[in-house]
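K.L.:
Next one to model:
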Amino acid sequence: MTATPGGLTPDEFRQTLGRFASGVTVITARGGTERRGMTASAFVSVSLTPPLILVSVDTRAHMHALLAAEDVTHFGVNVLSSVQRPLSDHFAGKPGPEDAVPWFEHEGLPLIGGAVAQLVCRKEQAIPAGDHTLYLGFVEYARYTDDDPLLYFRGQYHELG
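P.N.:
Sure, this is the predicted structure:
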């Protein structure tokens, strides 16, 4: 691994950032008739007025190519519940049976049922940032439950309490 000019390696950076506990999200989108999802912890609210969020997607990810397509105008953000670890694994590259995904749609956009929260976002801007692209989304629809979220900390899943 190549170190930065200050001597920081990518692994050291990843380990350091792993000390930040985060919720687990699955970013969803549709490409033609295909539903796609990708597990992501790089999600943040940006603004309440207007309602904006940001997701960070690795340029090598299949989701990146889908979100970069001009005909893809919307994407979803699904905040997983504490019982949805198998879905996080599924969309992180350890696929299980596709029929185990509790898909539902809002105006044609695939979302994940049972999630703590779902957001439908209009793609506003794509900002290249190193080996990732930051996708800024204008939230057009949101719904939530009072269930507990799935958390990620130091490379492992956790629950509240």
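
K.L.:
okay, and for the protein, where does confidence drop off?
P.N.:
1-4, 20 (pLDDT under 70).

K.L.:
What segments of it are helices?
P.N.:
Under the criterion DSSP state H, the chain contains helices at 10-17, 62-68, 85-91.

K.L.:
Show me how far the first one is from its chain's centre.
P.N.:
By that I understand helix 10-17. With CA atoms, centre = their mean, to the nearest Å as the basis, helix 10-17 stands 20 Å off its chain's centre.

K.L.:
do stretch 99-112 as well
P.N.:
Relative to the chain's own centre, stretch 99-112 is displaced by 15 Å; criterion: CA atoms, centre = their mean.

K.L.:
End to end on it, go ahead and measure it.
P.N.:
12 Å (CA to CA, to the nearest Å).

K.L.:
Could I get the buried residue list for it?
P.N.:
101, 109, 110, 111, 112 (16 or more other CB atoms under 10 Å). Every residue, glycine included, has its C-beta placed from N, CA and C.

K.L.:
And residue 101, its phi and psi?
P.N.:
phi -80, psi 120 (degrees, to the nearest 10).

K.L.:
and it, what does it touch?
P.N.:
37, 87, 90, 112 (CB atoms under 8 Å, 6 or more residues apart in numbering).

K.L.:
How much space separates it from residue 89?
P.N.:
12 Å (CB to CB, to the nearest Å).

K.L.:
quick one on the thing from earlier: so for residue 137, which of the helices of the chain sits nearest?
P.N.:
helix 62-68 (9.8 Å; CB to CB).

K.L.:
how about the closest one: buried residues?
P.N.:
Going by neighbour count (16+ other CB under 10 Å), the buried part of helix 62-68 is 63, 64, 66, 67.

K.L.:
still on that earlier bit, just send the buried residues of stretch 99-112 back as a markdown table, with distance to residue 21 too.
P.N.:
Shown next, in a markdown table, are the buried residues of stretch 99-112 (distance: CB to CB, whole Å):
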| residue | distance to residue 21 |
| --- | --- |
| 101 | 25 |
| 109 | 28 |
| 110 | 27 |
| 111 | 24 |
| 112 | 21 |
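
K.L.:
which one among those residues gets closest to residue 137?
P.N.:
Using CB to CB, the buried residues of stretch 99-112 come closest to residue 137 at residue 109, 11.5 Å.

K.L.:
thinking again about what came up before, between the contacts of residue 101, which is nearest residue 143?
P.N.:
Nearest to residue 143 out of these is residue 112 (CB to CB; 11.8 Å).

K.L.:
I appreciate the help and will end here.
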